[in-house]
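Visitor: dropping the sequence and predicted coords here.
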Amino acid sequence: MSAIRQNLQAVRQRITEAADNAQRDVHGIELLAVSKTFGADAVIDAASAGQLAFGENYLQEALDKMATIRQARPDLQLEWHFIGPIQSNKTRPIAEYFDWVHSVDREKIAQRLSDQRPDHLPPLNICLQVNISGEASKSGVMPDETLETAQAIAALPRIRLRGLMAIPEPEGDMAQQREPFHRMNELFNQLRASGLQLDTLSMGMSADMPAAIAEGATIVRIGSAIFGTRDYAKK
């Protein structure tokens, strides 16, 4: 068994344990394998172990990887999630080639994705990124602006607002990690109470996944625990 397959087994077990501890149904938690900086072979290896949803941060790297995989394994039906910062001049290929976008941080980007989503494809699934820790270095709408922005995005055609995404400031212990995730869950429920049809909380990575699951994450984004240490020089 390859290292990636072994790692996937271990991560899935961690998700199951975290769901059990939180008294949640594990089937309500999706694993998104973050494959940025890793090649097509790593994705194919993970896919052969049943992992079909992959997250990418860097657009050109992702497009090259998709093309390589389509040529090598046209039988694979993978789901691609864009999770990195989005520049306005990069929205067209994102709208054309991805199934999900987790990192929409302003209405302008959502409008461009809506305008550029091809008619023959299903609506593009969108998560609104929230700067839940208020970090100057992080993208995302501020919590008090989230409802207004979400309502504007939900009204756009060719995209479907599914929920919220966050990357909180790293914390050392479980209680500290849970606090921003708890606020995300409260915000998510406020938006649902306003009438928005949301079903997705994208939060939690390798280091804080159990805390995110305890606070309601429906998608956890796991990279290094599956693929190993990244070499960003290969990006």
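Guide: Sure thing, it's come through.
Visitor: mind listing what Leu187 touches?
Guide: 130, 132, 143, 146, 164 (CB atoms under 8 Å, 6 or more residues apart in numbering). The way it works is simple: take the backbone N, C-alpha and C, and place the C-beta from them, glycine included.
Visitor: you'd agree it is in a strand?
Guide: No: the assignment for Leu187 (DSSP: H, G, I helix; E, B strand; the rest coil) gives helix, which keeps it out of a strand.
Visitor: and it, how far from Pro168?
Guide: With the distance defined as CB to CB, to the nearest Å, Leu187 ends up 12 Å from Pro168.
Visitor: overlap in contacts, these two.
Guide: In contact with both Leu187 and Pro168: Ile132, using CB under 8 Å, 6+ apart.
Visitor: how near is the residue nearest the centre of the chain to Met203?
Guide: Nearest residue to the geometric centre of the chain (CA atoms, centre = their mean): His102, 4.9 Å. Look at His102 and Met203: by CB to CB, they are 10 Å apart.
Visitor: any idea how far Arg178 lies from Met184?
Guide: Applying CB to CB to Arg178 and Met184 gives a distance of 10 Å.
Visitor: identify the contacts common to these two.
Guide: Counting by CB under 8 Å, 6+ apart, the residues touching both Arg178 and Met184 are Glu215.
Visitor: so for the two, which sits in the more crowded spot?
Guide: More crowded of Arg178 and Met184, by other CB atoms under 10 Å: Met184, with 26 against 19.
Visitor: what pLDDT does the model give that one?
Guide: According to the prediction, Met184 has pLDDT 98.
Visitor: next one: Thr229
Guide: For Thr229, the model assigns a pLDDT of 86.
Visitor: quick one, what contacts it?
Guide: For Thr229, the contact set (CB under 8 Å, 6+ apart) is empty.
Visitor: what's the helix or strand for it?
Guide: Here Thr229 is covered by no helix or strand, with elements defined by DSSP states H and E.
Visitor: cool, Ile109 as well?
Guide: Taking DSSP H and E as the criterion, Ile109 maps to helix 107-116.
Visitor: which residues touch Phe82?
Guide: Contact partners of Phe82, counting by CB under 8 Å, 6+ apart, are 55-57, 59, 62, 94, 98, 100-103.
Visitor: got phi/psi on it?
Guide: phi -90, psi 120 (degrees, to the nearest 10).
Visitor: distance of it from Asn57?
Guide: Counting by CB to CB, the gap from Phe82 to Asn57 is 8 Å.
Visitor: same check on Gln151?
Guide: When Gln151 is compared with Asn57 (using CB to CB), they lie 28 Å apart.
Visitor: what's the answer for Asp105, then?
Guide: 14 Å.
Visitor: hmm, back to that, what's the overlap in contacts for His102 and Met203?
Guide: 165, 219.
Visitor: any idea of the angle the one helix or strand Val101 maps to forms with helix 107-116?
Guide: Applying DSSP H and E as the criterion places Val101 in strand 100-104. Strand 100-104 runs at 150 degrees relative to helix 107-116, counting by axes from the mean of the first three to the mean of the last three CA atoms, to 10 degrees.
Visitor: give me the contacts around strand 100-104.
Guide: For strand 100-104, the surrounding residues in contact (CB under 8 Å, 6+ apart) are 55, 79-86, 94, 110, 113, 124-129, 139, 153, 162, 165, 202, 219, 221.
Visitor: burial measure for Ala154, as a count.
Guide: Ala154 has 19 neighbouring residues, counting by other CB under 10 Å.
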